[in-house]
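>>> Provided below for reference: sequence and predicted model.
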Amino acid sequence: MTSGTHQTDNAREWALASPWLWIALSFVLIALAVILRLLDRVWQVEWALLFPGFLAGATGVWIGLSRRGPDSSLEGLLPARRALLLLGLAMLFGGVFLALTACTILSIAGNSRIPWKPGSLVVVWIIAAPASAAAFRIAWRNLSGGQVRRAEETAALLASAGLLCVLACWAIEWDTIQLLIGSLAFVAFVASPLMLVTQPVRRAIVSIIVLIHFGGIITAVLATPPMPWISGQLWTRIYRPYLEFMYLVNAYHYYSPEPGPASYLWFRLIYLDENGDKHGEWYKVPEFDERERPKTSTSLEYNRLLALTENISHANPVSTSFDVVPDGKGKTKMVLSSAFEQRLKYSPSFEPAIGKQGPPAGSLLIPFHPLVAQPQQYMVPGQPVKELISSYAKHATRRRHSEHPEWQIHSAKIYKVKHIITQEGPFMKGYDPREPYFYLPYYFGQYDPDGKLLDPNSPFLYWLVPILEDGHKRNYDYARRHADDPRWVRDPVTKEWIEWPDPN
Amino acid sequence: MKKSEANPTAAKLDERMLRAWNGFWYTPADPTVLGLIRLCCGLITLYTVMAYSFNLEDFFGEHAWWSLEDARKQLNEKPYTVHALRGYDLAPAPVGPYQTEHVREFEARFPGQPVPWPYPSNVQDLRFAQDFEEQYGVDFRVFHLPFPETEEQRAYVYRYMNKRKQPPPPPYPRDADEEKRIDDYIRHYEIDPRLVYHQGKTIWSLWFHITDPLWMRVVHTLIVMSTFLFTIGCGTRITAVLTWIGNLSYIHRAEMVLFGVDTMMTILLLYLMIGPSGAAVSVDRHIARWWSENRARIIGRWRSFWRLPAIDIANGVAPPELPEPSISANFAMRLLQVHVCIIYLAAGLSKLLGPAWWNGTAVWNVIANYEFAPMQWTMYNEFLRLLGRNQLVFSTLLTGACYFTLFFEIGYPFLIWRPATRWLILGMAIVLHALIGLFMGLKTFSLMMLVMNMAFLKPEEARWLIRKGAGFGNWLWPPADKAPETTTAITAARGT
């Protein structure tokens, strides 16, 4: 019964040794699940039948494939039944060949009723159609006479497994699991004719599958910028479904072009107390304890949280200073970009031009970072990253206040913080990599618990809100200041964050 | 004349290549290495899956970091675009005298410029195109939108242009609902759905559907159990598939928390599922041995329980001392070997894009990265500063480490196959991944890469490793798997 067994168990001695018993059991269980699905039962009941049904089917296939020797467990089957079995196989293989060929031709011809794209269908045709045609020919030729051969039984077992998967799709409501089970059916239908064809044909087809598989891996490797045109075409038109399905999409460009700094997410969670007053609390991802060790259950969780923050590091390149706009005379002109103009207005060094207004009195003013180049102080994320941030906000705002769990959450201000790597020189001189000014917080917006951006017109949105140090080694954390944290200045002696009056 | 007679060298080359290909992929091989890889990969996978227990809802629940609602939206709508296969648009031939005259006139007025199409069929069409261009400075047929036939379509072209600052692609929306759907899509993905080649991802996961915390725990426990059974090699053919499905369910649901270990784990689980990874170092072999000794007794009891007539039943033949060589074992190993080579080559070549790998500072960015390197240990920082006191030593070390990495990764696919350099490369792999584990905190990833490198071990080397680790679980695999054996003819045939 196991893969190492040498003695082929005889179904006449031991009924459980018959793969067909397991297949039949699987059929009964899955058919019951289909009926329950039609009766609209809860998924738990359906799966209580489906899961054992799948296990039984898999056991049947396993027993069938691990049998030794040329003998089939269907020895002694009446010639008429054997002919029926082979006829069924021939019909199935012929049907697969015809269906695949028709779908491929129609898809190439642009028929919109075919749900699959021509590129992927051509590959599927190459993998499955020739073997199906060859197996159809063999099954048709062997219709008469003799015993059921081992290869025929294995082909029939795999075909049955494929049909069971197709049947199971009727019992499953979950669309993505239907996709998985449908794909398993496809694998069974591809493998089944391979059992009937001659060894050279089988090896040729398997070799083609290997080449297609590694073609996909190489396409994934080459499909990241700078990429050749052809790999972009291959990835999107042919390989995408396969590589995504199998999660083989990685390009393996580790630490390329160079190792970069890690990122954090700082959430300033704002709660409303019973009186409607706002109170803020920091939630940092990943978080460290007082001994600078990650506050996570496992080191794996810590790595996953770093991956979570790394995923929002990708930003669109944008011009911070100037926009090119039509001048109304059929030409273009350069003007100060609105994002930069707004940001400039809310910096302490801003002096309004004659006739123009400065920021309203009492507004928060934040200086630019003196050591970071201006284009690097503005980081507008792409749309996928904006989606992620909104989702992260929804998750973070479910967090209760640490001391007052009864307080209602109002919103979260989000900062993406880049921790720059201390360069060799400063490090050797004794600089501590944890010094606050090594952290570069970018403001990513204030979100409500539904993930909606509340301040799309904030002058600081997507801008660096720096952490600076003065001549007395005092640190001014403008991210804290921006987040309405009164303790936004770090005392140089005690290294504690203390309350500090607004310098403006 | 036969091909071989015309060109005997070519025929011989074909034959040689075919034989080499067959020998590479379809020679039976000892599954011991595969069994060892399964055990090691299974242990890491088990740890990885069990580690999810602490964050099951945070990563995979309805209100996870990547919420179910957003994940499903991406699943169904994520846009994929691709350039036209031709790379440029071929204008159709004009139909009828009006279009022919229009094309001729356009070419005469604007020589060398492509004629915008679809071509107008009458004066009204032509006037619409001219008015539009006059107003916006751009032709409304940028994406080859047909001429509007109704007043509503005409208004739509202007409405779209005013909103998006570019003309719409074809076809016209059928009704206001469709126009709204298009607008929503553009707002969400910043691209018109009519310009998208494909919408939606081809992924699957149990966690797209199971969100009730209790049932999440139940299913998670089942996945942990299946991973455990796979690790010890129990019912491996089935548990390998279940482990792969379970593992990919986590991966597809929460792509943003993945890193290298998940990528490598998926690859290993795929090939371990294809090959007979339970044929050695497994409980399956134990069961096979036990079954061969107890077959007659068990079947006898079975028959008496069901009141079947008694028959003469023999015990089974015991499995051979060493696991039987099989083509599928070799096939899976070869798949893994080729994949590992591609991984290292891609990793090495892509590093050549970065100046830091050329000037030798890349390794500094790794060992001084606070989040990954052990920089919370004062001793580690002091050690770095101590090394830095001698610039010659320090720079040599850093630059040497960069070039060591480049040499190893780029050289791997060429040198690992040669018997003379195989152990050099494997030794370098151990050093590199040990350092990655130590200095970058990526312990599971490093271990997984070392497990992948095991694909290049010989069966007797695998048995040596098993023998060394055997004290921990004698019951887990039969003595034959860890017995010192001479190299078999099959092993020699693998040529690695």
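Yes, it's here. Numbering: from 1, shown residues only, chains lettered A, B, ... in the order given.
>>> only C-alpha atoms from now on, for both contacts and neighbour counts.
Will do.
>>> and the residue of the stretch 151-300 of chain A nearest chain B?
A:P257 (4.1 Å; CA to the nearest CA).
>>> so for the nearest residue to that residue once chain neighbours are set aside, what's the pLDDT?
Once flanking residues are discounted, A:P257 sits nearest to B:G354: 4.1 Å by CA to CA, 6 or more residues apart in numbering or on different chains. Looking at B:G354, its pLDDT is 93.
>>> from A:I218, how far out is B:G354?
As judged by CA to CA, to the nearest Å, B:G354 and A:I218 stand 21 Å apart.
>>> who has more neighbours out of the two?
More crowded of B:G354 and A:I218, by other CA atoms under 10 Å in any protein chain shown: A:I218, with 20 against 15.
>>> can you pull the contacts of the more buried one?
B:I342 (CA atoms under 8 Å, 6 or more residues apart in numbering or on different chains).
>>> right, and the residue nearest to A:P257 touches A:G260 too?
No. With contacts counted by CA atoms under 8 Å, B:G354 stays clear of A:G260, the gap being 11.1 Å.
>>> list the residues that contact both of these two?
Here B:G354 and A:G260 have no joint contacts, going by CA under 8 Å, 6+ apart.
>>> count of neighbours near B:G348?
B:G348 has 24 nearby residues by other CA under 10 Å.
>>> oops, could you answer that again for B:L335 instead?
Applying other CA under 10 Å, we find 21 residues neighbouring B:L335.
>>> and it, how far is that from chain A?
Distance of B:L335 to chain A, given as CA to the nearest CA, to the nearest Å: 8 Å.
>>> so which helix or strand takes in B:I299?
Per DSSP states H and E: B:I299 is located in helix B:283-305.
>>> hmm, that helix touching chain A?
Yes. Using CA under 8 Å from any CA of the partner chain, helix B:283-305 reaches chain A at B:284-285, B:287-289, B:292, B:299, B:302-303.
>>> what residues are up against the closest residue to B:A240 other than its chain neighbours?
Sequence neighbours aside, B:M273 is the residue nearest to B:A240 in space, at 5.2 Å (criterion: CA to CA, 6+ apart). Contacts for B:M273 were tallied using CA under 8 Å, 6+ apart; they are B:237, B:240-241, B:244.
>>> separation between B:M273 and chain A?
13 Å.
>>> number of residues surrounding residue 223?
Went with chain A since none was named. Neighbours of A:A223 (other CA under 10 Å): 22.
>>> the intended chain is chain B.
Counted with other CA under 10 Å, residues neighbouring B:I223 total 23.
>>> so it sits in a helix?
Yes. Under DSSP: H, G, I helix; E, B strand; the rest coil, B:I223 sits within a helix.
>>> which residue packs closest to it, ignoring adjacent ones?
In space, and not counting its chain neighbours, B:I223 is closest to B:G246: 5.7 Å by CA to CA, 6+ apart.
>>> what does that neighbour show for phi and psi?
The phi/psi pair for B:G246 (degrees, to the nearest 10) reads phi -60, psi -50.
>>> ok, B:L206 touching B:N247?
No. At 10.3 Å, B:L206 and B:N247 do not qualify as touching, with contact defined as CA under 8 Å.
>>> neighbour count: those two, which is higher?
Neighbours per residue, other CA under 10 Å: of B:L206 and B:N247, the larger number sits with B:N247, 23 against 20.
>>> spit out the contact partners of the more buried one.
Residues near B:N247 by CA under 8 Å, 6+ apart: B:49, B:266.
>>> pLDDT score assigned to it?
B:N247 is given a pLDDT of 97.
>>> which element is it on?
Here B:N247 is assigned to helix B:236-253, by DSSP H and E.
>>> quick check: angle from that helix to helix B:283-305?
Using axes from the mean of the first three to the mean of the last three CA atoms, to 10 degrees, the direction of helix B:236-253 lies 120 degrees away from that of helix B:283-305.
>>> and after helix B:236-253, which helix or strand comes next?
Following helix B:236-253 toward the C-terminus (DSSP H and E): helix B:260-274.
>>> check whether the strand or helix carrying A:I126 comes near chain B.
Using DSSP H and E, A:I126 sits within helix A:118-141. No. Counting by CA under 8 Å from any CA, chain B is not contacted by helix A:118-141; separation bottoms out at 11.4 Å.
>>> next structured bit after that helix?
Per DSSP H and E, the first helix or strand lying C-terminal to helix A:118-141 is helix A:150-171.
>>> pLDDT on that following helix, on average?
Mean predicted lDDT for helix A:150-171 stands at 94.
>>> counting contacts, what elements does that helix pack onto?
Using 3 or more CA pairs under 8 Å, 6 or more residues apart in numbering or on different chains; DSSP states H and E, the elements in contact with helix A:150-171 are helix A:19-38, helix A:43-66, helix A:79-108, helix A:175-196.
>>> now render those helices as a markdown table, adding mean neighbour count, mean pLDDT and distance to chain B.
Shown next, in a markdown table, are those (neighbours: other CA atoms under 10 Å in any protein chain shown; pLDDT from 0 to 100; distance: least, CA to the nearest CA, whole Å):
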| stretch | mean neighbour count | mean pLDDT | distance to chain B |
| --- | --- | --- | --- |
| helix A:19-38 | 21 | 94 | 14 |
| helix A:43-66 | 20 | 92 | 7 |
| helix A:79-108 | 18 | 93 | 13 |
| helix A:175-196 | 21 | 96 | 4 |
